[in-house]
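Trainee: the sequence and its predicted three-dimensional model are supplied below.
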Amino acid sequence: MDQELQNIEIIQRFLNGDMEKAEEQQFIDQMSKDESLKAEVEHYRQLKLGFDTLNAEDFQTNLDSWEKAISQQEKGAQSDNDNIRDINPSKSRRERGILPLIAMAASLVVTVLIFWFLLRPTGVLSTEEILATYTPEHKMPLVRDASGTEHRLKEGIIAFTDKAFGDAADYFASIPADDPQYTDAQIYLGYAQFENENYGSAIKAFETVVATNSPRFKEKADWFAALCYLALERENEWQEHLQRIANDQGHEYNSEALEILEKSK
């Protein structure tokens, strides 16, 4: 139980954006290797979205009180043994203490989710809907141009085209900063990490590209960085990025930023 509660606390810190960048990146890397952890995080993300939508600020307080009740019942189980007759020997006192608390939590969760789906404004897009609608196609360059010259980054391009995004990311990450193709490699690295849902690593690559002021890639990298923050539900960062893009009428993704900000109200 203690380990389970600790895991929940870690997930909550991640979803609330309370982790330091190094710890957050380590957790994201761990999720990329552990499908069960990734599924658990997504489960809590959906619950959090439902509670946030209904402004159920006291839900965490309720959880804390239930956890304390469980702990107190566990500690008192031994001392109760001499005074309480076990009406069902097949069930431990710990089980009988936890089950009503689980029932309470489950009842609240079901109620919240039902009202969330019934009351959710139809004009507001979910994170998944925004990503599906506003993620641009990121085409790789040709491995060989019209003159027959092979692209300098062909190994990574082939891996990306074959949807071997991990291999593509490894290759693009290996290109040193003094290489003439470094900026190209970084934008492609960002794409590969984005496809692998390693959004923290993708942000790092995209922001590296933005810092180069590349006329070819800066605005596209800026846009993808905003989408990564949105995918991580780091609200302050994605809203800041989108608002800046929305204020720049000359930005390639100005209209898209305006639409998302409007639909996320």
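Mentor: Received it, and whenever you're ready, just let me know what you need. Numbers count the residues shown, from 1 in each chain.
Trainee: what about the residue lying closest to residue 218 once chain neighbours are set aside, which helix or strand?
Mentor: Counting by C-beta to C-beta, 6 or more residues apart in numbering, residue 218 lies nearest to residue 210, which is 5.5 Å off, once chain neighbours are set aside. Backbone N, C-alpha and C define where each C-beta goes, glycine included. Per DSSP states H and E: residue 210 is located in helix 199-212.
Trainee: list the buried residues in that helix.
Mentor: 199, 200, 201, 202, 203, 204, 205, 206, 207, 208, 209, 210 (16 or more other C-beta atoms under 10 Å).
Trainee: which of those sits closest to residue 181?
Mentor: Of all the buried residues of helix 199-212, residue 181 sits closest to residue 209, with 12.5 Å by C-beta to C-beta.
Trainee: lowest-pLDDT helix or strand in the chain?
Mentor: helix 93-119 (a mean of 51; mean pLDDT, DSSP states H and E).
Trainee: isn't residue 153 up against residue 185?
Mentor: Yes - here residue 153 lies in contact with residue 185, judged by C-beta atoms under 8 Å, at a distance of 6.0 Å.
Trainee: overlap in contacts, those two.
Mentor: Each of 172, 175 lies in contact with both residue 153 and residue 185 under the rule C-beta atoms under 8 Å, 6 or more residues apart in numbering.
Trainee: ranges for the helices of the stretch 101-250 of the chain?
Mentor: Along the stretch 101-250 of the chain, the stretches classed as helices by DSSP state H, counting those that start in this stretch are 127-134, 154-161, 165-173, 182-195, 199-212, 218-231, 235-247.
Trainee: taking their axis directions, the third one and helix 154-161 sit at what angle?
Mentor: Pointing back at helix 165-173 there. Angle, helix 165-173 to helix 154-161, by axes from the mean of the first three to the mean of the last three C-alpha atoms, to 10 degrees: 150 degrees.
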